[in-house]
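Participant: Here you go, sequence then predicted model.
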Amino acid sequence: MMSTRPDKMSDDAARAMVAGLDNWTMSADGAAIEKTFQFKNFGAAFGFMSRAAITAEVLDLHPEWSNVYGKVAVRLTTHDVGGLSTLDEELARAMDMMATSTGIKPAGIKPAGIKKAE
């Protein structure tokens, strides 16, 4: 059974949607929303990306993103409708929630068998 994909948002609906999100911005071309997340370290950033990837896969919405150390730059658009849809908003909100819980480094935990270069 094939699921129904949402329609592309109107420009007005897209502007209203991004206004209701936490620090997301509309792309210059108006076809996507963008945000850069900053984490304490690479592990936290990669953990966030792994968790977000699972949600993205469930939604069948695949972000355009890049990672450098603790920074993850994200661009969301629904490629098959040629712009923004309700799926982008859903994933953006989920990513915001994940980022809040991922950014904390547990005290006293060190990876086993890994020594820091001297």
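Facilitator: Cool, got the structure.
Participant: List the single closest residue to Lys71 in space, sequence neighbours excluded.
Facilitator: Gln38 (5.6 Å; Cβ to Cβ, 6 or more residues apart in numbering). Bear in mind the C-beta positions are built from the backbone N, C-alpha and C, glycine included.
Participant: for the record, mean pLDDT for stretch 51-69?
Facilitator: Mean pLDDT, stretch 51-69: 95.
Participant: in what helix or strand does the residue nearest the centre of the chain lie?
Facilitator: In the chain, the centroid-proximal residue (Cα atoms, centre = their mean) is Met95; its distance is 4.6 Å. For Met95, the enclosing helix or strand under DSSP states H and E is helix 86-102.
Participant: And for Thr25, the neighbour number?
Facilitator: Counted with other Cβ atoms under 10 Å, the neighbours of Thr25 add up to 12.
Participant: residue contacts, it?
Facilitator: Val18, Ile33, Glu34, Lys35 (Cβ atoms under 8 Å, 6 or more residues apart in numbering).
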